[in-house]
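1. any chance you can model this:
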Amino acid sequence: MTVDVSARRRRDIIDALCRGAVPSNGLDILAVGLDRFVAATDEDLDRVASGGSVFKAIRGEYGAGKTFFTRWLAERAKRRGFAASEVQISETETPLHRMETVYRRLCEQLATEQFPPSALRPVLDGWIYTLEEDVLAAGGVPEDDAEGLDRAVGELLERRLAGISRSTPGFAAALRAYRSAVAASDAAVAEGLAAWLGGQPHVAANVRRVAGVKGDLDHFGALNALQGLLTVLRDSGHPGLLLVLDEVETLQRVRSDVRDKALNALRQLVDEVHSGRFPGLYLVITGTPAFFDGPQGVQRLTPLAQRLATDFGPDPRWDNPRAVQIRLPGFSIEALVELGIKVRDLYPGSRVAERVDDAYVAELARAVAGRLGGQVGVAPRIFLKKLVADVLDRVDQFDDFDPRLHYALTLRTDELTDVERNAVSADDIELTT
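-> Purely as a prediction, here's the structure:
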């Protein structure tokens, strides 16, 4: 089968898989078993685009494809004009109970269909450009009247910022000052104000003085800034923001007092989304079943557990994709083989398809899963890494390389994650010195 995709996109996907990483784009090409979620996620995106807000929790064991799912969803959202951001929750760098750090990472990872992270400056500049275009489209000011245009844009800006000014006066003031700095070609002040708007700490006092703002954003200031950012996104042509809080299950491993504060912060955030405080926000968290069902996770805070409660029967086929929690059942061996064939077909070069046929892909998938104790759900990352780096790359480069004759599967301790390593018996791992 020939996959219709650009050479650059192919290379980006192949390079990521070779490193054992989830590709940052092209996930629609690799998607296996996600068709059942398309209708529900599209409904959610429609709701957010029309001014609503959505919260979803994605649950799955290691290897079930949580990161893949959220990045696949982000691609779909960006194709609709959304902005998207993925934030890794971490006790030291991004603690969930300190929203100022979450907001900062959100802005650092902000991306759109046109701009990679961080897309905050292009979004701000696009917002200013849209204001000017809206003024000109109204027909009240000729394009060659620079002074009149500037005044009219300022008046429109004030009207657009009216709502933000009530809840987040500092954010609105920084936006006004940012526009003035851009108009005056004051790059240093514009850069500093963009940093402050993005939640960066330690912005120079003289820059903050221009906007009349004091100090850094705190937890509550960051929540208000998120409201402001959503308004800017909407006014600059982006109907919403998909925000993914990944690896929330790490909360289970932090001190009990920190865990309790983080769970309560998550409960407050879910309530704020459902209350309509953040129109245009699609908030997604990911976690393991142990996080959602175990005593050190969601169940530790009864109000949060009530909000996320979802009934899962024994057969995943009847799971409700519209529920607050979505269960990813993980890979079967058939799905793993299907994914491997998709990657093989994506790889450029006619020799690859000839030497690495469907039967060999299936043999390799079963071999990797077997070495991982038969735990197919743990296998996708290392299987794709082996398929690309050890087999397809060699077939592509060496005319006489035959994987059935010249390749023997080995799993090294230094290429496995902790979960993968625990699935492999000591006798099955090639030790490194």
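2. what ranges do the strands span in the protein?
-> In the chain, the strands defined using DSSP state E lie at 54-59, 83-88, 241-246, 281-287, 325-327.
3. so what's residue 91 up against?
-> Neighbour list for residue 91: 250, 253-254, 258 [criterion: C-beta atoms under 8 Å, 6 or more residues apart in numbering]. Any C-beta I mention is one placed from the backbone N, CA and C, and that applies to glycine too.
4. possible to save the strands of the chain as JSON lines with mean pLDDT and mean neighbour count?
-> Output for the strands of the chain, formatted as JSON lines (pLDDT from 0 to 100; neighbours: other C-beta atoms under 10 Å):
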{"stretch": "strand 54-59", "mean pLDDT": "96", "mean neighbour count": "22"}
{"stretch": "strand 83-88", "mean pLDDT": "96", "mean neighbour count": "23"}
{"stretch": "strand 241-246", "mean pLDDT": "96", "mean neighbour count": "24"}
{"stretch": "strand 281-287", "mean pLDDT": "96", "mean neighbour count": "25"}
{"stretch": "strand 325-327", "mean pLDDT": "95", "mean neighbour count": "21"}
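5. nearest to residue 138, out of those?
-> Residue 138 lies closest to strand 83-88 among those, at 26.3 Å (C-beta to C-beta).
6. quick check: angle from that closest one to strand 241-246?
-> Orientation of strand 83-88 against strand 241-246 (axes from the mean of the first three to the mean of the last three C-alpha atoms, to 10 degrees) gives an angle of 10 degrees.
7. tell me where the stretch 201-350 of the chain has helices.
-> Using DSSP state H, counting those that start in this stretch, the helices of the stretch 201-350 of the chain run over residues 205-211, 219-235, 256-275, 289-293, 302-308, 333-346, 350-355.
8. which residue is nearest the centroid of this protein?
-> Taking C-alpha atoms, centre = their mean, the centroid of the chain lies closest to residue 86, which sits 3.1 Å from it.
9. that one touches residue 72, doesn't it?
-> No: contact between residue 86 and residue 72 fails when scored by C-beta atoms under 8 Å: they sit 11.9 Å apart.
10. I'd like the distance between the residue nearest to the centre of the chain and residue 17.
-> From residue 86 across to residue 17, the span is 18 Å (C-beta to C-beta, to the nearest Å).
11. how far does the helix-or-strand element of the chain with minimal mean pLDDT sit from its chain's centre?
-> For the chain, counting by mean pLDDT, DSSP states H and E, helix 162-167 ranks last in confidence among helices and strands (a mean of 75). Taking C-alpha atoms, centre = their mean, to the nearest Å, one finds the center of helix 162-167 at 28 Å from the center of the full chain.
12. what's in contact with that helix?
-> 171-172, 175, 224, 227-228, 231.
13. circling back: and which of the contacts of residue 91 is nearest to residue 49?
-> Checking the contacts of residue 91 against residue 49 with C-beta to C-beta, the nearest one is residue 250 at 31.3 Å.
14. how near is residue 189 to residue 166?
-> When residue 189 is compared with residue 166 (using C-beta to C-beta), they lie 25 Å apart.
15. between the two, who's got more neighbours?
-> Using other C-beta atoms under 10 Å, the more surrounded residue of residue 189 and residue 166 is residue 189, with 20 against 9.
16. now the more buried one: closest residue in space that isn't a chain neighbour?
-> Once flanking residues are discounted, residue 189 sits nearest to residue 181: 4.1 Å by C-beta to C-beta, 6 or more residues apart in numbering.
17. got the confidence number for that neighbour?
-> pLDDT recorded at residue 181 is 92.
18. quick one: closest of the strands of the chain to residue 149.
-> strand 83-88 (27.3 Å).
19. do you know how far residue 189 is from residue 204?
-> To residue 204, residue 189 is 9 Å away according to C-beta to C-beta.
20. next one: residue 297
-> Residue 297 is 41 Å from residue 204, where distance means C-beta to C-beta.
21. and the two? Which one has more around it.
-> Neighbours were counted for residue 297 and for residue 204 using other C-beta under 10 Å; residue 297 has more, 23 against 13.
22. that one contacts residue 287, doesn't it?
-> Yes: Residue 297 lies in contact with residue 287 (C-beta under 8 Å); the separation is 7.1 Å.
23. shared neighbours, the two?
-> Common contact partners of residue 297 and residue 287 (C-beta under 8 Å, 6+ apart): residue 249.
24. and the pLDDT for residue 28?
-> Residue 28 carries a pLDDT score of 83 in this model.
25. now do the contacts for it.
-> Neighbour list for residue 28: 72, 75-76 [criterion: C-beta under 8 Å, 6+ apart].
26. show me the contacts for residue 231.
-> Contacts for residue 231 (C-beta under 8 Å, 6+ apart) come out as 160, 163-164.
27. which of those residues count as buried?
-> Buried by 16 or more other C-beta atoms under 10 Å: 160, 164, out of the contacts of residue 231.
28. what stretches of this structure score poorly on pLDDT?
-> 1-4, 425-433 (pLDDT under 70).
29. one more time with 80, if that's ok
-> Residue ranges of the chain with pLDDT under 80: 1-5, 24-26, 63, 139-147, 160-168, 330, 349-351, 377, 425-433.
30. before we move on, back to that, I'd guessed the residue nearest to residue 189 sits against residue 210; true?
-> Yes: using C-beta under 8 Å, residue 181 makes contact with residue 210 at a distance of 7.2 Å.
31. where do the contact lists of the two overlap?
-> Here residue 181 and residue 210 have 189, 193 as joint contacts, going by C-beta under 8 Å, 6+ apart.
32. show me what counts as buried in stretch 409-427.
-> Neighbour counts over stretch 409-427 (16+ other C-beta under 10 Å) mark 409, 411, 415-416, 420-421, 423-424 as buried.
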